[in-house]
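> What follows is a predicted protein model with its sequence.
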Amino acid sequence: MVIGAGVYLLFFKTNSADIAQGKELMNVLDESLVHSSDEEHNHNHDHNEAGYDYDVEIIEEFQSVGNTIDFMAATLIEEEREYFSSLFLPENLSKSMFEYSDDPSSEDVILQIIREINREGKLIEVNWESHMAEGKSFSRDDQDINLQLIYNDNKISTAKIDLQLVGTDHFNSERIYYISNSPKNFVDQVKENLKGL
């Protein structure tokens, strides 16, 4: 019985997203983008698939499940459209945007998705539980994350997201976590699982 509990704790640990850390990651990215536009390309920077110039150290931040969840929570609370959309695999993001609007290129589509998840700015806390994805028991490439979203009106919801380590088009060896669910799937789960405390 003790061994079973130890295995549960090893694979199922509840954490609270560090919103301040997520905001700090956004600030570091902002500074990196400003800094890289002022400086010539050097050996400490790489370009990602969108053409942005990021420090290798920043890429390493997004090789951590915890940092990725912190960042996601901060983008939801701050309603940061560009960074929120960058968390999803591009093909899944694109598909969801077409489901939301006839003009999927509109920034309003991403904001609509964010506001459906954060319930019009009511999101105050995100807790999460991680375990290895089914069929990948000893791989860190895929992570199933159970989210608990807590709102300021005494409502709570849950959602399961799948994180995948994926390389960029130009630097496949420098893989970072992306959410492999579609944003629409995320929204649907939040709406379906919403309940009072």
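Yes, it's here.
> For the chain, just list every one of the helices.
In the chain, the helices defined using DSSP state H lie at 2-11, 19-38, 56-61, 65-78, 81-86, 90-100, 107-117, 183-192.
> which residues touch the fifth one?
This points to helix 81-86. 26, 29, 50, 71-72, 75-76, 93, 107, 110-111, 113-114 (C-beta atoms under 8 Å, 6 or more residues apart in numbering). For glycine as for every other residue, the C-beta is placed from the backbone atoms N, C-alpha and C.
> Take those residues and write them to JSON lines, including distance to residue 180.
As requested, the contacts of helix 81-86 are exported to JSON lines (distance: C-beta to C-beta, whole Å):
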{"residue": "26", "distance to residue 180": "22"}
{"residue": "29", "distance to residue 180": "21"}
{"residue": "50", "distance to residue 180": "18"}
{"residue": "71", "distance to residue 180": "16"}
{"residue": "72", "distance to residue 180": "13"}
{"residue": "75", "distance to residue 180": "17"}
{"residue": "76", "distance to residue 180": "18"}
{"residue": "93", "distance to residue 180": "11"}
{"residue": "107", "distance to residue 180": "23"}
{"residue": "110", "distance to residue 180": "18"}
{"residue": "111", "distance to residue 180": "22"}
{"residue": "113", "distance to residue 180": "16"}
{"residue": "114", "distance to residue 180": "18"}
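> Buried ones among those residues?
26, 29, 71-72, 75-76, 93, 110, 113-114 (16 or more other C-beta atoms under 10 Å).
> Kindly check the end-to-end length of stretch 148-163 for me.
Here the two ends of stretch 148-163 are set 16 Å apart, with distance taken as C-alpha to C-alpha, to the nearest Å.
> Just give me the residue right at the centre of the chain.
residue 72 (3.9 Å; C-alpha atoms, centre = their mean).
> Quick check: the gap between that residue and residue 101.
The spacing between residue 72 and residue 101, counted by C-beta to C-beta, to the nearest Å, is 22 Å.
> Repeat that for residue 195.
According to C-beta to C-beta, residue 195 and residue 101 sit 29 Å apart.
> same check, this time on residue 94
12 Å.
> what's around the closest residue to residue 147 other than its chain neighbours, how many residues?
Using C-beta to C-beta, 6 or more residues apart in numbering and skipping the chain neighbours, the partner closest in space to residue 147 is residue 159 (4.8 Å). Using other C-beta atoms under 10 Å, the number of residues around residue 159 comes to 22.
> Quick one: residues contacting residue 159.
Residues in contact with residue 159 (C-beta under 8 Å, 6+ apart) are 146-147, 149, 186, 189-190, 193.
> Without its sequence neighbours, what residue ends up closest to the residue nearest to the centre of the chain?
residue 87 (5.6 Å).
> Would you list the phi and psi of that neighbour?
Dihedral pair for residue 87: phi -80, psi -20, per degrees, to the nearest 10.
> count of neighbours near it?
Counted by other C-beta under 10 Å, the residues lying close to residue 87 total 22.
> What of residue 145?
Residue 145 has 22 nearby residues by other C-beta under 10 Å.
> Appreciated, that's everything.
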